[in-house]
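In: How does the following fold in three dimensions:
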Amino acid sequence: MRPDDSAKQKQTGTTSDDRSADATSAVRRVGRHRADPPRRGGVLASTPVRAALATGVTCCLGVAVFAGTRQADQHREPMREALADRAAVAAEAEQRASRSLDRSPAVPVTVSPSPTATPSATQKPKPRPKPSRPKPVAGLNQRQMDNAKIIVDVGVSMKVPRRGLVVAVATAMQESTLLNYASGVLPESQNYPHQAIGWDHDSVGLFQQRPSSGWGTVRDLMRPAYAARAFYEALLEVPGWQDMSVTAAAQAVQISAFPDAYAQHEDRATTVVEALT
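Out: Below is the predicted model:
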């Protein structure tokens, strides 16, 4: 071996020891004294970051809850105002009722009118005014004037000319003085309304018509309206009666024993007819 080789060997040996020592140191650092390996998860795995995220989420939830509560309060605000107004009105009404005897409603009440005012079913119709009785004229009393009105009204309803009305009234003036007569000879006639009693055979009523002569039944002839109609029907059958005098026309119907007696009543009968038509 050369001298220089021994020197190299020494140097080489020293180098080997150093490498061995370095290797051992490296192993120790990696082995028992090695540092902790890095944790998985990166930045989100660190505690400060997670705390910051939790704080942010909590803040967001708080803002959402606050916004929802604010919106609900806005919806409840009109209701609260209405309730407050009602409470104020009720309190004012209670104070007014306690101060006085006035019991009028606190809030004015308006009542809509009914659509159609109709009379109640239980409402009785107003009675018609009774026609006024005709005022007596031509020296007649009220009963005589009432009978004359019946005679004129029947003639008007039958459309008898005015001349025929005068003939009928003049005839009743002569025959019964315009009173509804019953007959003492016919006791039945006294069962019906009457104003006087006569004894001229079986003659009854305003025109002293006789049931035995075919003028009608006693009951019918005691009704002034029926007696007047019977007279007009007989008068209208007399040919040319309108051209006759009152006496002649009346006698043609009545066949009286005193034919000239009717003429004396013509003027008064005319006055009565004028007053009733």
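In: so where do the helices sit in the stretch 101-250 of the chain?
Out: Taking DSSP state H, counting those that start in this stretch as the criterion, the stretch 101-250 of the chain carries its helices at 142-157, 162-176, 218-221, 224-236, 246-254.
In: how far away is Thr270 from Gln242?
Out: Separation of Thr270 from Gln242 (Cβ to Cβ, to the nearest Å): 15 Å. C-beta coordinates here come from the backbone N, C-alpha and C atoms, glycine included.
In: Spatially nearest residue to Asn147, not counting backbone neighbours?
Out: Nearest residue to Asn147, sequence neighbours excluded (Cβ to Cβ, 6 or more residues apart in numbering): Leu178, at 4.8 Å.
In: Could you report the neighbour count for the nearest residue to Asp200 once chain neighbours are set aside?
Out: Counting by Cβ to Cβ, 6+ apart, the nearest residue to Asp200 once its immediate chain neighbours are dropped is Gln208, at 6.4 Å. Neighbour count of Gln208, defined by other Cβ atoms under 10 Å: 23.
In: Let me know how buried Pro134 is, in neighbour terms.
Out: 16.
In: Test my guess that it contacts Leu276.
Out: Yes: under the criterion of Cβ atoms under 8 Å, Pro134 makes contact with Leu276 at 6.0 Å.
In: Give the residues shared as contacts by those two.
Out: Ala148, Lys149 (Cβ atoms under 8 Å, 6 or more residues apart in numbering).
In: Contact partners for Gln195?
Out: For Gln195, the contact set (Cβ under 8 Å, 6+ apart) comprises Arg143, Leu179, Asn180, Tyr181.
In: Among those residues, which lie within strands?
Out: Tyr181 (DSSP state E).
In: Throw together a PyMOL command that grabs the buried residues out of the contacts of Gln195.
Out: Buried residues within the contacts of Gln195, by 16 or more other Cβ atoms under 10 Å, are selected in PyMOL with:
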select buried, resi 179+180+181
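In: Could you dump the contacts of Gln195 into CSV and include pLDDT and distance to Thr171?
Out: Converted to CSV, those look like this (pLDDT from 0 to 100; distance: Cβ to Cβ, whole Å):
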residue, pLDDT, distance to Thr171
Arg143, 97, 18
Leu179, 98, 14
Asn180, 98, 15
Tyr181, 98, 14
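In: pLDDT below threshold where in the protein?
Out: Along the chain, the model assigns pLDDT under 70 to residues 1-122, 129-131.
In: let's go with 90 and repeat that
Out: Along the chain, segments meeting pLDDT under 90 span 1-132, 255-260.
In: quick one on the thing from earlier: tell me how far the residue nearest to Asn147 lies from Gly164.
Out: Distance from Leu178 to Gly164, by Cβ to Cβ: 17 Å.
In: Which one's more surrounded, the two?
Out: Higher neighbour count among Leu178 and Gly164: Leu178, with 25 against 20, using other Cβ under 10 Å.
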